[in-house]
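Enquirer: Predicted structure and sequence below. I'll ask about it afterward.
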Amino acid sequence: MKKVALITGAASGIGKEFSRIHAENGGDIVAVDMNAEGLKELKKELESRHGVDVYTIVKNLTELTAPQEIHDEVVHQNIQVEYLINNAGFGGVGAFHERDWAKDQAMIQVNVLALTSLTRQFLPDFVARDSGSILNVSSTVSLVPGPYQAVYFATKAYVTSFNRSLYGELSDTGVTSTALLPGATKTAFGEHSGMNKTAIYRKPASAREVALEGYQAMEKGEVEVIAGLGWNQRMELKFIPFLSSEALIKRIKKQSVVH
C-alpha cells in the first residue's frame, strides 16, 4: 500500500472529507466506522475515483476492546500506518444531572478513551521507525467551560491537553502530534447532538474546509490549528483570557441554550 492513513469516523462528516483529501493526495486508507454501508460507499468512491486502496474496518468505538482489535487487524493485514487521524466523536446537549448517563459514558469512551487507546496502540510503532503523524480532532470548545454540554466540552479539553503533551514528548523524534480545533461545522454531528439548535452553531463551516486545514497542519507538524471560524469568532477567542471565570461561564451558558 502507499502512505496509509487510518481514519476513525471515516464514513461521514469531517472524517469522510479527511478520507477524500488523503485519497486525492494518492494515499491509501484504513477507514474505520460503525456504519458498514457508509464504508462500502466510501471505498467504492475513492478506489474508482483516485485509484487508491481503501481497507475498511467496521467497529463501534464505544466498545472497550475496539482500539486493540483495530490495531491487531492492521498488524494482521501487514499494513503500515503513517497517519493516525483520531476523528470519531460525538456530543450531546442538556443539563448534566438530567442527561442519560449511558450516553455520556459512551461519549467519554469514544472521545477520550478510544482516542487515547488508539494513540497508545500505534505510537510505539511510529517512534520505533521515527516517522508518522497523529491528528487528534478536538474543538474550539476545549478552550472554554460548557454549561449544558459539560461532558462534551470536558472530553475535548482532554484531547487538546493530551495532544499538547504528546507534541512536547515527541519533539525530539520524527513523529508529530497535531490537534484540530474546529468551530461549528456543517455535518450530521450538530443534528444528532442537538447542538445545531444552539447559538454556538451559528454560521457553521463546511466539513471540507475544516478537514483541509487540519490535514495541512498535520503534514506541517503543527501542534494545533483552529479551523472554520469567522473573523468575529476568532476575536472572541482572543478575549477569553481577559474574562473572569464567572463572566465566561455566563457567556457560554447563554450560547448553549437550545432554542
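Expert: Received it, and whenever you're ready, just let me know what you need.

Enquirer: alpha carbons only for contacts and neighbour counts from here, please
Expert: Noted.

Enquirer: pLDDT below threshold where in this protein?
Expert: Within the chain, the set of residues satisfying pLDDT under 70 comprises 1, 188-202, 258-259.

Enquirer: how about the strands of it, start to end?
Expert: Under the criterion DSSP state E, the chain carries strands at the ranges 4-8, 28-33, 54-58, 81-86, 132-137, 175-182, 185-186, 205-206, 224-227.

Enquirer: Single out the most deeply packed of those.
Expert: Between the strands of the chain, the one whose residues have the most neighbours on average, counting mean count of other CA atoms under 10 Å, is strand 175-182 (a mean of 27).

Enquirer: So which of the strands of the chain is nearest Phe242?
Expert: Each of the strands of the chain has some distance to Phe242 by CA to CA; the shortest is strand 224-227, at 19.3 Å.

Enquirer: Direction included, what does the closest one pair up with?
Expert: Strand 224-227 has the following strand partners under DSSP bridges: strand 175-182 (parallel).

Enquirer: For the strand it pairs with, which outside residues touch it?
Expert: In this structure, residues lying in contact with strand 175-182 by CA atoms under 8 Å, 6 or more residues apart in numbering are 126-127, 130-140, 142, 159-160, 163-164, 166-167, 170, 210, 214, 217-218, 221-229.

Enquirer: Can you dump the C-alpha atoms of that strand in CSV for me?
Expert: Extracted in CSV, the C-alpha atoms of strand 175-182 (Å, rounded to 0.1, in the frame of the first residue of the first chain):
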residue,chain,number,x,y,z
VAL,A,175,6.8,11.8,14.9
THR,A,176,4.3,14.7,15.2
SER,A,177,1.0,15.1,17.0
THR,A,178,-1.4,17.8,15.9
ALA,A,179,-4.8,18.8,17.3
LEU,A,180,-7.6,20.2,15.0
LEU,A,181,-9.8,22.7,16.8
PRO,A,182,-12.9,23.3,14.6
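
Enquirer: Dump the strands of the chain to CSV, plus distance to Trp101.
Expert: CSV is the format used below for the strands of the chain (distance: least, CA to CA, whole Å):
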stretch, distance to Trp101
strand 4-8, 24
strand 28-33, 23
strand 54-58, 25
strand 81-86, 24
strand 132-137, 23
strand 175-182, 26
strand 185-186, 26
strand 205-206, 30
strand 224-227, 30
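
Enquirer: With respect to Gln255, which of those strands lies nearest?
Expert: Nearest to Gln255 among the strands of the chain is strand 185-186 (16.0 Å), distances taken as CA to CA.

Enquirer: before we move on, back to that, list buried residues within the contacts of strand 175-182.
Expert: Members of these that pass the buried threshold by neighbour count (16 or more other CA atoms under 10 Å) are listed as 126, 132-140, 142, 159-160, 163-164, 166-167, 210, 214, 217-218, 221-229.

Enquirer: Just the ones of the contacts of strand 175-182 in helices?
Expert: For the contacts of strand 175-182, membership in helices holds for 126-127, 159-160, 163-164, 166-167, 210, 214, 217-218, with DSSP state H as the criterion.

Enquirer: can you count the residues close to the nearest residue to Val93 once chain neighbours are set aside?
Expert: On the basis of CA to CA, 6 or more residues apart in numbering, the spatially nearest residue to Val93 that is not a chain neighbour turns out to be Gln149, at 5.1 Å. As a burial measure, Gln149 scores 23 neighbours (other CA atoms under 10 Å).
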